[in-house]
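Enquirer: Okay, predicted coordinates and the sequence, questions at the end:
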Amino acid sequence: MESEEWVTGTVSLKLHGEPVEMELTVPAGPVKPHRMLPIFHSMTNAFVDQSVEVAEAGGGTISCKAGCGACCRQPVPVAESEIYQIAELVEAMPEPRRTAVKQRFANAVDHFAGIGWFDAAKKRSDLMPTESREEANRKMVALAMQYFHEGVPCPFLENESCSIHQSRPLSCREYLVTSPPENCAKPSPETVRVINIFVKASLSVRRTTQTGNLNVLGFVPLIRSLEVAEKFPERFEEKTGRDWMAEFFNDLASHNNDVAEQPAETA
Ligand code: SF4
């Protein structure tokens, strides 16, 4: 059963030493986790804004803007809940756009399946627990660079701008650079300065809204969303908005030394 009642509460956090208060309105009754994504989007935006303020106070200027979509050729990590949200979003598009977007997804999947990238990504996911963090990061970056150099744009990229800006995935919101935009066309750790996001909500959403249903696939990039949603019908349990938020904030606090949760009030 999906909830139509809402409840509003205040969450007080300390983020990177700064007090942050957020008023959150969440479903009162039980819902699937993809119904919570608009709330996670707002929170992610707030966390990113705080990191941008710090970057700008340190002399950096964000160079990302509409019309610059070089980064939208990277393998975008998505939470299991985002996979089903993306599938619903595409299904709700009017024709002929829906068919055009679906074709772009299918073309991208065919391309990367054809060069064996998904198999390589699965092997990478399997090996990661046996490697040091540095080694795992280095190899993951190499795999991401291989993907990038194929030059296949995200199916939602239109005129070098995101056509689903309001609904874009959490990890897209967390990727901002202060280096010259032209450097993003040939990215390297030396030429692209990605701003440090102190608290990555995307990671907590990935951990708290996954069922294990997709573990067999390893790393799933955004371009596989439609294929995966069709082959693996979602099997999320329903929880109240408060329960989803409690799990999210517990995960956030346990994985981020910069976050301390304060007592919350609910109206
Ligand atoms: S969803 Fe939008 S922001 Fe994210 S990679 Fe695709 S086009 Fe870029």
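Expert: Received, thanks.
Enquirer: For the rest of this, base every contact and every neighbour count on C-alpha atoms.
Expert: Noted.
Enquirer: What is the neighbour count of residue 101?
Expert: The tally of other residues near residue 101 (other Cα atoms under 10 Å) stands at 19.
Enquirer: Ignoring the adjacent residues along the chain, who's closest to it?
Expert: residue 155 (6.1 Å; Cα to Cα, 6 or more residues apart in numbering).
Enquirer: The stretch 1-150 of the chain against the ligand: which residues are in contact?
Expert: Within the stretch 1-150 of the chain, the positions near the ligand by Cα under 6 Å from any ligand atom are residue 72.
Enquirer: Low-confidence ranges, the stretch 1-150 of the chain, go.
Expert: By pLDDT under 70, the weakly predicted segments of the stretch 1-150 of the chain are 1-3.
Enquirer: hmm, 50 instead?
Expert: By pLDDT under 50, the weakly predicted segments of the stretch 1-150 of the chain are 1.
Enquirer: residue ranges of the helices in the protein, please?
Expert: 37-57, 80-91, 97-114, 117-127, 133-149, 170-173, 201-208, 225-231, 241-255 (DSSP state H).
Enquirer: How many residues are close by the closest residue to the ligand within the stretch 1-150 of the chain?
Expert: For the stretch 1-150 of the chain and the ligand, the shortest gap (Cα to the nearest ligand atom) falls at residue 72, measuring 3.9 Å. Residues near residue 72, counting by other Cα under 10 Å, number 20.
Enquirer: do you know how far the residue nearest to residue 101 is from residue 93?
Expert: Residue 155 is 13 Å from residue 93, where distance means Cα to Cα, to the nearest Å.
Enquirer: These two: which is more packed in?
Expert: Legend: neighbour count by other Cα under 10 Å for residue 155 and residue 93, higher for residue 155 (21 against 12).
Enquirer: where's the more buried one relative to the ligand, distance?
Expert: Distance of residue 155 to the ligand, computed by Cα to the nearest ligand atom, to the nearest Å: 6 Å.
Enquirer: Columns distance to residue 65 on top of the helices of the chain, output as CSV?
Expert: Shown next, in CSV, are these (distance: least, Cα to Cα, whole Å):
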stretch, distance to residue 65
helix 37-57, 14
helix 80-91, 23
helix 97-114, 23
helix 117-127, 29
helix 133-149, 19
helix 170-173, 12
helix 201-208, 21
helix 225-231, 25
helix 241-255, 29
